[in-house]
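Student: no sequence for this one, just the structure:
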């Protein structure tokens, strides 16, 4: 770079990390308001309007609970409702967040059997089958899996897990972490026989971090009644079935977040969930196409997940070896206004290998302009920094979109 | 009222309920922003600036943990950290929220001894002393009390509780619910020997509901290590002493709330905590003066708490008998733009007596104009509705302020 | 004041100056948005919705033009459209702003005959009649008057001016400055035979300063065609009758202000203009009642305008002699959070007498809480500063409201 | 397009029209605030801080006046100050806006000699010289030119105009319309001997439409004193040299806009004007590179201005023949979230040729991500719509940036 090269980051900076995602103006505007009365009036109507839309987002006619909390809080809520101390869980991990959910359960006293498939391979259904078959006494109360692991961007075939349980006649509940996938990747709770779904506000739901959300089936509700890990804060019963407004939130409602979430859900409804999913699929495809081209010129560049069907549509983890991922991230942020995600979980900060991974988010409030802009900036950065790469990734991305569009 | 009387509520409506309080424009503006990067940069600096100011607000040099949660969440957090299952707690209740904290502990498996002083009497120190003296074996691990109970507006003398424990040589930890009093009523954690203080964002801390906050002493930290009620979400250790940013929040940080809280704490710092407390004391005095005058003309009108020293400075509970409290509340809201608090906990909704109570909040972002305006509107309502009252409450309020000012 | 007296201004500060007025949250929220496309789409619909509501606010079925400008801009716009160089205008002044409009006309080359009624007396209809009668040749092309002069708070009887013109058979156009009165005081352009009405956004129209507005009659349009003072920027023809969007604003539209104005007009429509006027009348009555009581104890305190019928309902000018008005203003602002208006035009800054006047605004987004709060703060200030006054002004204000309510 | 193709516009829509430009969050946040007192306090400090920064933006140590108005208002302000009726102006037009300024002057009574260079050719200096030479008596009081005409994107060499005047010894003032170029293209008022510069808030100054700005030299001030076109609203003397705050704005200050402008100017100062100019130059170069490639495959596609030195750096006008420009604009807006500018002035709406032009803005708050995103979307649209084009425009754009970066 010449000393006279201009800094091109001044303008609206773009955050492409996998959560918090880009907050829509409509959501922020809805939250910029005076505190409402919480004993009646508008906020009660707002919450009444949130329930059906939250159900629609997960394609379920069953139950829903909102927590003031983040994704980790939602994990703990799900575990506290599903289990009594000593109950057994089978947890499938394809990245750091699957392991995190397992750790949460274990810390609460759940007997966790963890199947860890590493950080770049999808769930091996044969291993899951073996574990379930081995559980002849049906001690496994619930099977926990992550639809898309934010760290690895690996997607798990949720419907296949249900089919497997059913084919084996195993009664375990099916619990899915949808934190990184809700309102991004297709999810059909009732069709797919999911008993517990877990999410949070700050990704596909386009609302600032601060809300955790559970959806749960009649079956889960019945089978988990009276579990001894349940605490007043985590108990989903009053949150879903309370007779007084305060019970929905176990105390003071998160007023401003509720206005924001309501607006975000209205936006999803206006767009239609089918288009929301198709939009994410198309934009993810553009990102993958760019990496595929870049990788043709440099084996150190590549997507983390080999098979497209195993990739989540909200975030893409990738390798750009040596310390080039870090160099590229820093150039994009400081010279071009784009903040990419670090390579969380592939290698730990401190480990030199850590600088060879990054993630590109394309979740929530994201369109062709935003995503193509990220890819074009990345290619500019690759060129500027002299990182060897196959040329034309951004072209391939535009073609991927125009082919679909 | 004549059919041609104008509706005088159009304008900026004023919320005088005891939480959420009025949010400062500076706080809302700080929250109206793009999502920040959470892996570095500005939000890390913002959080670094929050810790010392949170400590200053509680006048402590010890430890602090922030939770995504509300006051009920903060109760559960405090209980989960302080106790193992079966531990004993002595809880003092002077209103619904003292009982609530006890219920939270009991539901977690704590052995709760509840001293309930009713809804309009302060803590009877002799009864507390008797209970502590009776605990010869020092089974009581912690003494829990509410500095100001939001429902009754009764204040408890925190320093006196510490003096009592010390005089008896009882080792119980002293834990105080400051949800309705933090940054309103004088509170000196270290001087008063408080071991655990509990608060939330939406009252004196002038930030939308969504954050619970604990302050805890070295002694509490040491004595409570390894308690078995502690869960990953509630554990205060990583939140206060984490080595990575995400540990402060057990996962994704509540980014927008942190910007808001930071601004609110800056406002408190600019004003100075001594003035913050004195301001609340003065405004509370104005409210009390008005009620005293109104009550001279109607015995059904009166403050809930007899002795000024026993009243909180952030909220005032009062009787306006029959169904006049409800009539007045509704007139103020629909005709004059002021929403008063319902009489929570004095009588339950559904009970006819419920309509004889109300609460006036004067917490957080509140000045002479706001509070005097509420009182003048209330007196206008009393006149308009023909509710018998001693005339001149608002005059007495102005004199209370000018005498102090 | 004792050194330990708390500062009671911290909280939401209240601006009681006669413009800019308090901006509703809805208006500010509507303006906090991305720039719209100006070549089509939503902003075109927004503007289409503004026209009928602007007409409704002035009770006219005739024409309307919006200028990017302030009140002074709107004066110049009105003058430039109404007159050719050398045309004659009769201008009635009851305060500084009446004189200001005359000065604007004179500077443009209009032959101005100014009838100045001083700063505390209403228009003397006999003098107006004499001036019109003297104009036998009907040289006077337009009669200009201020409905409410912001500086003096004197109101002029607009319908009476029309009746006078008609009774004399004088053909002069009737042009009214409604800057301080529009959407506060009753105004019926068509019923009252007004030919040109002038206003601006920042008072009763509850939108930040930046828009000037003219309403004009068919008669004014026809009679003023071809006037040689008209410039491209001020010409009302394309602004009212343009065939392309840009013509409405003679160039780039004031996009964000238009969103704000649209929201403000929607609020007026929701409330209904009859209630808007009645609300201002009631709140003004409360202010007058307070001053009347204060003045009973000190002849130096008094309203500027003797007869209630001659007082505007949006702002009240008053005397508090010596330098007490300034002392009181400063106390209210720095100790209690209320900013009052200076005594504009009664005496000039620099003149010692200047410190004996102030103004209290009650215009636009203002309700019982806001106005009573101002009066209660003022009475507290009078007491604190030891300014002699009749006690109980705030009580009288509450009674004035409850009598009407 | 297949019926199942997703709509990719959902997300933050991007406005690439040449004004209003993208408003920075910091600016909108600064404007979202309560009305300030205008008689003293913070807003006075804000305005005091604006003057030096406005001067810095134009690189002048001379004078500045702010008008509530738009660009057309600023033209009229400049004309009204510079001329008396009958004075002569030489106006150079390279697009619709140059003609507009001439029309404004002519309508005010100025004797305008217009040199129109068409819509895609730069100023021909020889013709200007001829006109000046022909003016032996020095009747031409001012030479008016547009630095960048928003409609054609042609840039005029301002320094060359000054050199020409000086070389001929012609005393005409040099007045430059910088509406589309200020804070985008390099501009050095004092170095280049500019006497009057005209701009507005909504483009490079990154503030919503509503402010017009004039900078003027000592020489212009002296030479234009007493001009008879000057009106109270347009007179620059009190706006630049007023002794009272209200004089700066001839009445009520545009309070909220001033907060916004102040923030925008602070952003420019933080970045540094040299980088601001270099950033625009770089981004413009990327846009030109894309069009050059697209045009290699289709002669109907091309930049409006042949020579790079004659192109403005804030907006690019181009041909995409037939009705393809319109088709592409509509696809980008409705399918990908990017609104491009219509081809203003090249052909008039209604004329079929009109659909063959468009403009891409890259002015103000714009960075690599935003501009590359626009170009990538455009290339996707070209592909999707089957518009013949040279492939790889977006690649060329990234290379243009990485070569400079």
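Tutor: Structure received. Just so it is clear, the model here is predicted, and its values are computed rather than measured.
Student: so where does the residue in the stretch 251-400 of chain A that chain C sits nearest to fall, helix or strand?
Tutor: Residue nearest to chain C within the stretch 251-400 of chain A (C-beta to the nearest C-beta): residue A:259, separated by 11.2 Å. For glycine as for every other residue, the C-beta is placed from the backbone atoms N, C-alpha and C. Counting by DSSP states H and E, the element that carries residue A:259 is helix A:255-271.
Student: find the nearest non-adjacent residue to the residue of the stretch 251-400 of chain A closest to chain C, please.
Tutor: The shortest distance from residue A:259 to any non-neighbouring residue, by C-beta to C-beta, 6 or more residues apart in numbering or on different chains, is to residue A:30 (4.5 Å).
Student: same check on residue A:334?
Tutor: residue A:9 (6.1 Å).
Student: buried stuff in the helix holding residue A:259?
Tutor: Within helix A:255-271, the residues scored as buried using 16 or more other C-beta atoms under 10 Å in any protein chain shown are A:255-268, A:271.
Student: and the helices in the stretch 101-250 of chain A?
Tutor: Ranges of helices within the stretch 101-250 of chain A are A:125-134, A:158-168, A:218-224, A:236-241, based on DSSP state H, counting those that start in this stretch.
Student: any buried residues in the second one, and which?
Tutor: Think helix A:158-168. By neighbour count with 16+ other C-beta under 10 Å, helix A:158-168 contains the buried residues A:158, A:161-162, A:164-165.
Student: closest to residue C:56 out of these?
Tutor: residue A:158 (56.0 Å; C-beta to C-beta).
Student: that closest one contacts residue A:181, doesn't it?
Tutor: No - assessed by C-beta atoms under 8 Å, residue A:158 is found out of contact with residue A:181, at 9.3 Å.
Student: one step back: the helix holding residue A:259 - contacts with which helices or strands?
Tutor: helix A:25-31, helix A:42-58 (3 or more C-beta pairs under 8 Å, 6 or more residues apart in numbering or on different chains; DSSP states H and E).
Student: and the gap between residue A:402 and residue D:290?
Tutor: 16 Å (C-beta to C-beta, to the nearest Å).
Student: neighbour count winner among the two?
Tutor: Between residue A:402 and residue D:290, counted using other C-beta atoms under 10 Å in any protein chain shown, residue D:290 has the larger neighbour count: 31 against 20.
Student: that one belongs to a strand?
Tutor: No - Residue D:290: not assigned to a strand; according to DSSP: H, G, I helix; E, B strand; the rest coil it is helix.
Student: need the strands for chain A, in chain order.
Tutor: Residue ranges of the strands in chain A, as given by DSSP state E, are A:14-16, A:63-68, A:88-93, A:111-116, A:140-146, A:173-177, A:196-200, A:211-216, A:301-303, A:315-320, A:338-342, A:357-361.
Student: mind giving me the packing neighbours of the second one?
Tutor: Contacts of strand A:63-68 with other secondary structure elements, assessed using 3+ C-beta pairs under 8 Å, 6+ apart, are made with helix A:42-58, helix A:71-82, strand A:211-216, helix A:236-241.
Student: next, format those as JSON lines and append mean neighbour count.
Tutor: Output for the helices and strands packed on strand A:63-68, formatted as JSON lines (neighbours: other C-beta atoms under 10 Å in any protein chain shown):
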{"stretch": "helix A:42-58", "mean neighbour count": "17"}
{"stretch": "helix A:71-82", "mean neighbour count": "28"}
{"stretch": "strand A:211-216", "mean neighbour count": "28"}
{"stretch": "helix A:236-241", "mean neighbour count": "18"}
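Student: counting neighbours, what do you get for the nearest residue to residue A:308 once chain neighbours are set aside?
Tutor: Distance criterion C-beta to C-beta, 6+ apart; nearest residue to residue A:308, sequence neighbours excluded, is residue A:288 at 6.6 Å. The number of residues packed near residue A:288 is 21, by other C-beta under 10 Å.
Student: quick check: residues of the stretch 51-200 of chain A near chain B?
Tutor: A:68-73, A:76, A:80, A:103-104, A:107-108, A:200 (C-beta under 8 Å from any C-beta of the partner chain).
Student: make TSV from those and add pLDDT to it.
Tutor: As requested, these are exported to TSV (pLDDT from 0 to 100):
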residue	pLDDT
A:68	98
A:69	98
A:70	98
A:71	98
A:72	98
A:73	98
A:76	98
A:80	98
A:103	98
A:104	98
A:107	98
A:108	98
A:200	98
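Student: now, which of those residues sits nearest chain B?
Tutor: residue A:72 (3.3 Å).
Student: I'd say the closest one and residue B:248 touch.
Tutor: No - under the criterion of C-beta under 8 Å, residue A:72 makes no contact with residue B:248, lying 11.9 Å away.
Student: circling back: of all the helices of the stretch 101-250 of chain A, which one is nearest chain D?
Tutor: Chain D lies closest to helix A:158-168 among the helices of the stretch 101-250 of chain A, at 20.5 Å (C-beta to the nearest C-beta).
Student: which elements pack onto that closest one?
Tutor: Where contact means 3+ C-beta pairs under 8 Å, 6+ apart, helix A:158-168 is packed against helix A:125-134, strand A:140-146, strand A:173-177.
Student: tilt between it and strand A:196-200?
Tutor: Computed by axes from the mean of the first three to the mean of the last three C-alpha atoms, to 10 degrees, the angle separating helix A:158-168 from strand A:196-200 equals 160 degrees.
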